[in-house]
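[1] sequence and predicted structure are below.
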Amino acid sequence: MSLIAPPLSLYIHMPWCVKKCPYCDFNSHGLRHEPPPYADYIDHLLADLDADRADFGDALSGRPIVSIFFGGGTPSLFAPELIARLLDGVRERLPLHDEVEITLETNPGTVEHGRFDGYLAAGVNRLSFGIQSFDDDKLNRLGRIHSASEAESAVKSAQDAGYANINLDLMYALPRQTLDGALNDIERALVLDPAHISHYQLTLEPNTAFAANPPPLPDHDHAWAMQEACEQRLASAGYAQYEISAYAIADRRCVHNLNYWRFGDYLGIGAGAHGKLSDARTGRVRRRWKTRHPRAYLAAHGQPERIGGDDTVGPAELPFEYMLNALRLIDGVPLGDFSDRTGLPRETIATTLEVARQHGWLYENDGRLQTTALGQRFLNDVVASFLA
Ligand SMILES: C[S@@+](CC[C@H](N)C(=O)[O-])C[C@H]1O[C@@H](n2cnc3c(N)ncnc32)[C@H](O)[C@@H]1O
Ligand code: SF4
């Protein structure tokens, strides 16, 4: 049984935000008096990429990058000229697929009109807007720096600049939100005609301001009712759910996230960025993550200290790691993918699959392994059953 190298993506982490939101546990840091060293950070990212290329060597050779994702933090704090310099540097170092998807996460409170032309010219062909809600009272409670109308004008400006591939991030189960409130957010999003909508349930994450001082959130049953009603409304408008939180019109599924969910490979550069790489020659799957705090990452300047950790995923962990994301996909995954991506024979998971089938969590359909509606609802239990 041998591992086959999957598609390769590139994740680039931009760690600054105008202001830290009280619910967010991403590696993001609010601005202080001094502006962050934006231009220096671009040089450090390219040095980081050079060092990864040297370390991973043959495992990368001849593999085109299918997607690039600028995540944050708030990548739209970086001027288009800096994004262009970085993307030119990436093109000099790695072959890009002809139809590479290049996404930039955008906070609507950070983009004055005109920036979008620059991002488009730099090669960014997909934008993801952190909208969260179209209700100003909810935006206020979430500590957001933009209003609903500012969000709408930012999306329209991007469309005027020529962007057709746009994602809107929305959250539901917000403090004191009703079912009608959640549905109203979907209606306002649909008016903007995006290609893709990410619909996340607000969760209380440890070490956030909301965890320390929790707001009154809808209970589990109300949150589930919101998810079901919004899913139906999105389906009726032509947005098919393809992952627990992701909806898209035809042909606009996110290439980058699909590659994560299908246990594809990705390089990760920038503060706290994670990467995963399969080496078909050695049959090993490696994970590497970068030093998390931007100050420490910058101080490392492309040297070994930029690495926060490095690990080989052992055979005992591979089934869980594979299922963790694959089972989130509504269409499931081809049955053969498990062995191709992990290098393990199907028999490794035969007993666990049979138990999951008996629970009514999983089924096989047309050569694919899929999660039932019950399995989706209890996904954490289903995935945990694949732990060694
Ligand atoms: C890195 S942020 C997106 C870009 C930008 N930083 C912004 O917020 O506008 C990624 C998305 O994760 C979601 N998110 C962050 N914290 C969350 C939480 N605690 N629960 C659910 N979704 C969350 C939000 O929808 C957010 O837009
Ligand atoms: S702007 Fe986005 S990344 Fe930054 S703190 Fe808020 S949710 Fe987190």
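    Sure, I can see it. Ligands and ions are numbered 1, 2, ... in the order given.

[2] and the stretch 101-250 of the chain, which of its residues are near ligand 1?
    For the stretch 101-250 of the chain, the contact set with ligand 1 under Cβ under 6 Å from any ligand atom comprises 105, 107, 130, 132, 169, 171, 200, 202-203, 205. (Each C-beta comes from the backbone N, C-alpha and C, glycine too.)

[3] export these to CSV and tack on secondary structure and pLDDT?
    Formatted as CSV, these follow (DSSP: H, G, I helix; E, B strand; the rest coil; pLDDT from 0 to 100):
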residue, secondary structure, pLDDT
Glu105, strand, 97
Asn107, coil, 95
Gly130, strand, 97
Gln132, strand, 98
Asp169, strand, 98
Met171, strand, 98
Tyr200, strand, 98
Leu202, coil, 98
Thr203, coil, 96
Glu205, coil, 97
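
[4] what subset of these is buried?
    105, 107, 130, 132, 169, 171, 202 (16 or more other Cβ atoms under 10 Å).

[5] dump the residue contacts of the last one.
    Leu202 makes contacts with 23, 171-174, 217, as judged by Cβ atoms under 8 Å, 6 or more residues apart in numbering.

[6] what's the nearest residue to it if we skip its chain neighbours?
    Met171 (4.7 Å; Cβ to Cβ, 6 or more residues apart in numbering).

[7] ok, Glu150 next?
    Pro108 (5.6 Å).

[8] hmm, the one you found is touching Lys156, no?
    No - between Pro108 and Lys156 there is no contact under Cβ atoms under 8 Å: 10.8 Å.

[9] these two: which has the busier surroundings?
    Pro108 (26 against 12; other Cβ atoms under 10 Å).

[10] for stretch 374-385, the averaged confidence score.
    Per-region confidence: stretch 374-385 scores 92 on mean pLDDT.

[11] tell me the helix or strand right after the least confident helix or strand in the chain by mean pLDDT.
    Lowest mean confidence among the helices and strands of the chain (mean pLDDT, DSSP states H and E): helix 373-377, at a mean of 90. Using DSSP states H and E, the helix or strand that follows helix 373-377 in sequence is helix 379-384.

[12] and the residue of the stretch 51-200 of the chain closest to ligand 1?
    Gly130 (1.9 Å; Cβ to the nearest ligand atom).

[13] residues contacting that residue?
    So Gly130 contacts 74, 105-108, 169 (Cβ under 8 Å, 6+ apart).

[14] which residue ranges form the strands in the stretch 201-350 of the chain?
    Ranges of strands within the stretch 201-350 of the chain are 240-243, 246-248, 265-269, 274-279, 284-290, 307-312, 333-334, based on DSSP state E, counting those that start in this stretch.

[15] buried ones in the first one?
    Along strand 240-243, the positions that meet the burial threshold by neighbour count (16+ other Cβ under 10 Å) are 240-243.

[16] how far out from the middle of the chain is that strand?
    15 Å (Cα atoms, centre = their mean, to the nearest Å).

[17] what packs against it?
    Strand 240-243 sits against helix 220-236, strand 246-248, helix 255-261, with contacts defined as 3 or more Cβ pairs under 8 Å, 6 or more residues apart in numbering; DSSP states H and E.

[18] and the third one, by the same measure?
    With contacts defined as 3+ Cβ pairs under 8 Å, 6+ apart, the secondary structure elements packing on strand 265-269 are strand 8-14, helix 38-56, helix 255-261, strand 274-279, strand 284-290.

[19] how much does it deviate in direction from strand 8-14?
    Orientation note: strand 265-269 sits at an angle of 20 degrees relative to strand 8-14 (axes from the mean of the first three to the mean of the last three Cα atoms, to 10 degrees).

[20] next one: the fifth one
    With the same axes, to 10 degrees as the criterion, the two stretches strand 284-290 and strand 8-14 enclose an angle of 10 degrees.

[21] which residues touch Ala164?
    So Ala164 contacts Ala195 (Cβ under 8 Å, 6+ apart).

[22] mind checking what secondary structure it has?
    Three-state call for Ala164 (DSSP: H, G, I helix; E, B strand; the rest coil): coil.

[23] next one: it from Ala195, what distance?
    Ala164 sits 7 Å away from Ala195, going by Cβ to Cβ, to the nearest Å.
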